[in-house]
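Visitor: Next one to model:
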Amino acid sequence: MTTITAGDLSVAPSTAHDVVALRRRRPSQRSPFSEVVEARRQHTLQVAAVSTGILSVTVAASAAVVLSLSA
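Guide: Next comes the predicted model:
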C-alpha cells in the first residue's frame with residue numbers, strides 16, 4: 001500500500017491553471033509535426049492575405065473603369 005505524505009503534495013501542481021502552465025513550458029512535449037502544421041497554417045494565412053489584396057485591387061480598378069465609362 002502506498003502512502004501519500006505532505007511532502008508529496010507540495011510537489012504536485014495545486015490548480016488546473018498550474019498544470020496547463022507546466023505543459024506550456026515544456027516544448028519537448030509537443031508533437032514533432034507541430035512546426036510543420038504551424039508553417040502550413042502560416043502559409044495558408046499568407047496566401048489568403050495576398051489573394052484578398054489582389055481581389056480588392058481588382059475590384060477597385062473595375063469600379064474605376066466602370067465609373068469612367070459611365071461619365
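
Visitor: Please go through this structure and pick out the longest helix.
Guide: Identified as the longest helix of the chain according to DSSP state H is helix 34-70.

Visitor: buried ones in it?
Guide: Residues of helix 34-70 include none that count as buried (16 or more other Cβ atoms under 10 Å). All C-beta spots, glycine's among them, are computed from the backbone N, C-alpha and C.

Visitor: Provide a list of residue ranges in this protein with pLDDT below threshold.
Guide: Scanning the chain for pLDDT under 70 picks out the ranges 1-30.

Visitor: can you list contacts of stretch 36-53?
Guide: Outside stretch 36-53, the residues within contact range by Cβ atoms under 8 Å, 6 or more residues apart in numbering are Ser31.

Visitor: Please save the CA atoms from it in PDB.
Guide: Only the C-alpha atoms of stretch 36-53 are listed here, as PDB (Å, rounded to 0.1, in the frame of the first residue of the first chain):
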ATOM      1  CA  VAL A  36       5.100  21.700 -39.900                       C
ATOM      2  CA  VAL A  37       1.400  22.300 -39.000                       C
ATOM      3  CA  GLU A  38       2.200  25.800 -37.900                       C
ATOM      4  CA  ALA A  39       4.200  26.500 -41.000                       C
ATOM      5  CA  ARG A  40       1.300  25.300 -43.200                       C
ATOM      6  CA  ARG A  41      -1.100  27.400 -41.200                       C
ATOM      7  CA  GLN A  42       1.100  30.500 -41.700                       C
ATOM      8  CA  HIS A  43       1.400  29.700 -45.400                       C
ATOM      9  CA  THR A  44      -2.400  29.500 -45.700                       C
ATOM     10  CA  LEU A  45      -2.800  32.800 -44.000                       C
ATOM     11  CA  GLN A  46      -0.300  34.400 -46.300                       C
ATOM     12  CA  VAL A  47      -2.000  33.100 -49.400                       C
ATOM     13  CA  ALA A  48      -5.300  34.300 -48.100                       C
ATOM     14  CA  ALA A  49      -3.900  37.800 -47.400                       C
ATOM     15  CA  VAL A  50      -2.300  38.100 -50.800                       C
ATOM     16  CA  SER A  51      -5.500  36.800 -52.500                       C
ATOM     17  CA  THR A  52      -7.600  39.300 -50.600                       C
ATOM     18  CA  GLY A  53      -5.200  42.100 -51.600                       C
END
